[in-house]
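Undergrad: model this:
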Amino acid sequence: MLEDNPVDADLILTTLERAGIHHDSVRVDNREDFVNAIKNHGFDLILADFCLPSFDGLSALEIARSRHKDLPFIFVSGAIGEEVAIESLRKGATDYVLKQRLSRLAPAVGRALEEAGQQTLRREAESLFRALFDQVTVGVAIADLDGRITRANPALQVLFGYGENELNGLQLANLTHPDDAGAARALDDELRLGSRASYELEKRFIRLDGTAIEGRVLVSLIHHNGGRDGGVRQFSINLIEDVTARKELERGFLRAQKMEVVGRIAASFAHDFNNLLTVINGYADDLLDRFPEKDATSRKLREIRGSGERAAKLTQRLLSFSRKAPSCPQVLDLNSLLAELEPMLQRIVGAQTHLTIQPGGSKAMIEADHSQMEQAVMNLAINARDAMPDGGNLTITVGQIQVDDDAGAKLKVPLGQYVALTVQDTGSGMDENTQSKVFEAFFTTKEVGKGTGLGLWSVSETVRQSRGAISLESKLGVGTTFRIYLPAAGEAGDDVRALGSSLSVDNVAAPRELITHEPGLSKQT
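TA: Residues are numbered from 1 along each chain as shown. Prediction:
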């Protein structure tokens, strides 16, 4: 209590006691004692006279507000006019009571203490909210009903790759992947119309660097009573969790389940299928003995026999992958393998396609399963052919590269010497959604009965078993490029080391020769 008259002070305190407001009080009557009291004691309420011999109430109010913004401060004075009273309220006083009307004192004190208690609870709630908002590991965005972000927590800024306050003002819809925007927009419309109070959705987002992430979103509509105009504000709280890793694990689990089914199916028909191949290959061998080697029929029979052998190997490969049995790696020259496959590749792609095989500048030695590599190249060629129904250009290139730090991190392979096999077509290309699924087992864009969806999956499995990596670049209407990177072995490793360390993933050795086929023409070298 700031009061210089002891009689008035006793009257004021007695009035509070009679109203049931019990208290411990400290009375001061000058600036120095007031400042010390404010500094050294924790008070719930200040009662102040307006005029004192050596001090004044407005100065006391200014001192109190500089130290305690929300501490209740009530003027109790007999010499305060209406204009001065209004001015004191404007400067932060809680209320004012005339000494000649002390009946208003107890209600004013009760109301001030209640409001102060509510203010304390609000501050504690706000402090707790700020701590949760800033420290929670899930991304949080507060947005208006039009989807404009008004506040984003640090976790969301990190998740989307933005700096502090850079997300404020952006539309949540613009951060959503275009392919997933429709479903989110429909749910947001229901939220705005009041037909739902919240929703949960899994959708993709686009980060600042252009990469896509998968997120789980929980959106709730909030009604807030407490706007400055006293009205009700509505906004949405968006909890965004990065589930990219979990979704990848789920897809891996589903792939494993599919492969288990493949293994069971393969085991059930492999025996009977091999019996049929035994009959086909046996009769082909018998007929080969009856025709001269250079006879036209003999050439056709050798093709039948070769196809039968490859069919048998294909059955074994399917069993090997589905059962995760080890492959049979050996050191082989990728250039030689392509030369052996070249006649078959030309028949696979057809006469409308211009096939070019560009071997490496020297032997391209790798360690891999021979039959698996053959099948991988054929699968890539078949995929390219299907992407060019009206013909086009198919180029198969072998290069030798040195994988440096940047390339190793991108490809997720150890540093060192690699042989790169590039298969490039000028076909229809793929959209982003197709590219993200192209190596999944059983995924195919072909009609039912036109494809199994195992071709590119088996290519990726072959590369994985050979300790390599595969990359994909594609653009709709332009074409597709697959690049396989396999660790160099034997002579290839020596050749690459001789080239020096300046090669990057995009560099390839000079061609040794070109094997090219023009549509409708015989082979040209």
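
Undergrad: in stretch 380-392, what's buried?
TA: For stretch 380-392, burial by neighbour count (16 or more other CB atoms under 10 Å) applies to Leu380, Ala381, Ile382, Asn383, Ala384, Arg385, Asp386, Ala387, Met388, Gly391, Gly392. Quick note: C-beta positions are derived from backbone N, CA and C, even for glycine.

Undergrad: who's the last one bridged to?
TA: Right, Gly392. Counting by DSSP bridges, Gly392 is bridged to Thr353.

Undergrad: I'd say it and Thr426 touch.
TA: Yes: using CB atoms under 8 Å, Gly392 is in contact with Thr426, at 4.1 Å.

Undergrad: which residues do the two both contact?
TA: Common neighbours of Gly392 and Thr426, counting by CB atoms under 8 Å, 6 or more residues apart in numbering, are Gly479.

Undergrad: skipping adjacent residues, who's closest to the most centrally placed residue in the chain in space?
TA: With distances taken as CA atoms, centre = their mean, the residue of the chain nearest its centroid is Ile213 (2.0 Å). Spatially, and ignoring its direct neighbours in sequence, Ile213 is nearest to Thr244 (5.0 Å; CB to CB, 6 or more residues apart in numbering).

Undergrad: distance of that neighbour from Ile470?
TA: Applying CB to CB, to the nearest Å, the value for Thr244 to Ile470 is 20 Å.

Undergrad: what's the local residue count around the nearest residue to Met378 once chain neighbours are set aside?
TA: In space, and not counting its chain neighbours, Met378 is closest to Ile348: 6.4 Å by CB to CB, 6+ apart. Number of residues near Ile348 (other CB atoms under 10 Å) recorded here: 18.

Undergrad: isn't Ile348 up against Arg385?
TA: Yes: if you go by CB under 8 Å, Ile348 and Arg385 touch, sitting 6.3 Å apart.

Undergrad: among the buried residues of stretch 380-392, which are located in helices?
TA: Leu380, Ala381, Ile382, Asn383, Ala384, Arg385, Asp386, Ala387 (DSSP state H).

Undergrad: looking at the third one now. What's its pLDDT?
TA: Model confidence at Ile382, given as pLDDT, is 89.

Undergrad: what sits against it?
TA: Ile348, Gly455.

Undergrad: and the gap between Asn174 and Val138?
TA: Distance from Asn174 to Val138, by CB to CB: 21 Å.

Undergrad: neighbours around Gln118, how many?
TA: Gln118 has 10 nearby residues by other CB under 10 Å.

Undergrad: which helix or which strand is home to it?
TA: helix 105-135 (DSSP states H and E).

Undergrad: for Thr356, helix, strand, or coil?
TA: Secondary structure, DSSP: H, G, I helix; E, B strand; the rest coil: Thr356 is strand.

Undergrad: okay but it is in contact with Asn393, surely?
TA: Yes: with contact defined as CB under 8 Å, Thr356 and Asn393 form a contacting pair (7.2 Å).

Undergrad: I'd like to know which elements the helix ranked longest in the chain is packed against.
TA: In the chain, with assignment by DSSP H, the single longest helix is helix 244-288. Packing partners of helix 244-288 (3 or more CB pairs under 8 Å, 6 or more residues apart in numbering; DSSP states H and E): strand 212-225, helix 296-322.

Undergrad: between those, which one is closest to Ile149.
TA: Of all these, strand 212-225 sits nearest to Ile149, with 12.6 Å by CB to CB.

Undergrad: before we move on, back to that, partners of the helix or strand that the helix holding Gln118 is followed by in the sheet?
TA: Using DSSP H and E, the next helix or strand after helix 105-135 towards the C-terminus is strand 139-143. Strand pairing for strand 139-143, using DSSP bridges, gives strand 149-152 (antiparallel), strand 232-242 (antiparallel).

Undergrad: now do the strands in the stretch 351-500 of the chain.
TA: Ranges of strands in the stretch 351-500 of the chain, per DSSP state E, counting those that start in this stretch, are 353-358, 365-369, 392-403, 416-425, 469-475, 479-487.

Undergrad: what's the spacing between the second one and its chain's center?
TA: What it means is strand 365-369. Computed by CA atoms, centre = their mean, to the nearest Å, the separation of strand 365-369 from the middle of its chain amounts to 35 Å.

Undergrad: pick out the shakiest of the helices and strands packed on helix 244-288, pLDDT-wise.
TA: helix 296-322 (a mean of 77).

Undergrad: and the angle from that helix to helix 244-288?
TA: Interaxial angle, helix 296-322 versus helix 244-288 (axes from the mean of the first three to the mean of the last three CA atoms, to 10 degrees): 150 degrees.

Undergrad: just checking the distance from helix 296-322 to the centre of its chain.
TA: Using CA atoms, centre = their mean, the offset of helix 296-322 from its chain centre is 44 Å.

Undergrad: strand 416-425 and the helix or strand just after that helix, what's the angle between them?
TA: On the C-terminal side of helix 296-322, the closest following helix or strand by DSSP H and E is strand 329-333. Per the same axes, to 10 degrees, the angle that strand 329-333 makes with strand 416-425 is 70 degrees.

Undergrad: strand 329-333 vs strand 365-369, what angle?
TA: In terms of direction (the same axes, to 10 degrees), strand 329-333 departs from strand 365-369 by 140 degrees.

Undergrad: below-threshold pLDDT in the stretch 351-500 of the chain: ranges please.
TA: Scanning the stretch 351-500 of the chain for pLDDT under 70 picks out 441-442, 446-454, 490-500.

Undergrad: list the buried residues for stretch 165-176?
TA: Applying a neighbour-count criterion of 16+ other CB under 10 Å, one finds Leu167, Leu170, Leu172, Leu175, Thr176 buried in stretch 165-176.

Undergrad: out of those, which is nearest to Asn40?
TA: Leu167 (45.1 Å).

Undergrad: now for that closest one: which residues touch it?
TA: Leu167 makes contacts with Ala141, Ile149, Ala152, Leu156, Gln157, Phe160, as judged by CB under 8 Å, 6+ apart.

Undergrad: list buried residues within those residues.
TA: Buried members of these, scored by 16+ other CB under 10 Å, are Ala141, Ile149, Ala152, Leu156, Gln157, Phe160.

Undergrad: distance of Ile265 from Lys258?
TA: 10 Å.

Undergrad: those two: which is more packed in?
TA: Neighbour count, other CB under 10 Å: between Ile265 and Lys258, Lys258 has more, with 17 against 12.

Undergrad: what's the pLDDT at that one?
TA: You'll see Lys258 listed with a pLDDT of 72.

Undergrad: next one: the one 3 residues further on
TA: What the model reports for Val261 is a pLDDT of 74.

Undergrad: cool, the one 10 residues further on as well?
TA: Reported pLDDT at His271 in the predicted model: 68.

Undergrad: pretty sure Ile46 contacts Ala64?
TA: Yes: under the criterion of CB under 8 Å, Ile46 makes contact with Ala64 at 5.8 Å.

Undergrad: so which bits of stretch 345-363 are buried?
TA: Buried, per 16+ other CB under 10 Å, within stretch 345-363: 345-346, 348-349, 353-363.

Undergrad: strands along the stretch 51-200 of the chain, start to end?
TA: Going by DSSP E, counting those that start in this stretch, the stretch 51-200 of the chain shows strands at 73-77, 95-98, 139-143, 149-152, 198-206.

Undergrad: winner for burial among these?
TA: strand 73-77 (a mean of 24; mean count of other CB atoms under 10 Å).

Undergrad: dump that one to PDB, keeping only the CA atoms.
TA: Only the C-alpha atoms of strand 73-77 are listed here, as PDB (Å, rounded to 0.1, in the frame of the first residue of the first chain):
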ATOM      1  CA  PHE A  73      -2.700  -1.800  -9.400                       C
ATOM      2  CA  ILE A  74      -5.700   0.100  -8.000                       C
ATOM      3  CA  PHE A  75      -5.800   3.800  -7.100                       C
ATOM      4  CA  VAL A  76      -7.600   4.600  -3.800                       C
ATOM      5  CA  SER A  77      -7.700   8.300  -3.500                       C
END
